[in-house]
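A.B. asks: any chance you could fold what I've pasted below:
(one chain, ligands or ions: 1)
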Amino acid sequence: MSTTTEPVAAEKVVKEYKGGCHCKKFQFEFTHEALDTSPVISCNCTICNQRGYLLIFVPAADFKPTEGSLDDLSKYEFGKKHLVHRFCSNCGCGVLCTGAGTVAVNARAIEGLDTDKLTLKHYDGLSL
Ligand SMILES: [Zn+2]
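C.D. replies: Sure thing, here's the model as predicted:
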């Protein structure tokens with residue numbers, strides 16, 4: 001009997017990431033394809049540009065606050081209000097945005113992540 005050979009697919013490694021705002025009143029964890037192989041979004045819209053966001057879109061089900069809750073964060077909406085930008089009212093750090101069924105995590109809020117090593121995918125949010 002011959003053995004079947006599985007097609008060799010690029011293996012997706014899923015990792016767990018943790019992070020939070022600077023003062024740690026809000027902390028979170030989520031799972032996502034390893035960020036060494038998956039690019040993060042560098043958007044040129046007015047707020048991403050000003051705040052220096054590097055965004056990772058995570059299904060809401062894969063994201064979990066471990067300290068505080070989303071509602072503890074201050075909210076900011078503008079323009080077409082596709083996303084609610086949320087930041088810590090104590091330390092001011094913009095940790096994430098929320099949209100329909102999605103959490104866009106700011107890579108800069110992830111613990112121990114070297115953002116210089118990330119692959120950036122440029123997104124033209126300014127033109128939307
Ligand atoms: Zn804070």
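A.B. asks: low-confidence stretches in this structure?
C.D. replies: Scanning the chain for pLDDT under 70 picks out 1-10.
A.B. asks: surely residue 42 and residue 48 touch.
C.D. replies: Yes. When contacts are counted by CB atoms under 8 Å, residue 42 is listed as touching residue 48 (7.5 Å). The C-beta positions use only the backbone N, C-alpha and C, and glycine is treated the same way.
A.B. asks: next, the contact list for the residue nearest to the spatial centre of the chain, please.
C.D. replies: The residue lying closest to the centre of the chain (CA atoms, centre = their mean) is residue 105, at 2.1 Å. If you count contacts by CB atoms under 8 Å, 6 or more residues apart in numbering, residue 105 has them with 17, 19, 28, 30, 55, 56, 58, 63, 95, 96.
A.B. asks: re earlier: who touches both of residue 42 and residue 48?
C.D. replies: residue 55.
A.B. asks: of those two, who's got more company?
C.D. replies: It is residue 48, of residue 42 and residue 48, that has more neighbours when counted by other CB atoms under 10 Å, with 22 against 19.
A.B. asks: host element of the nearest residue to residue 120 once chain neighbours are set aside?
C.D. replies: Of all residues not flanking residue 120 in the chain, residue 42 sits nearest, at 4.3 Å (CB to CB, 6 or more residues apart in numbering). Using DSSP states H and E, residue 42 sits within strand 40-43.
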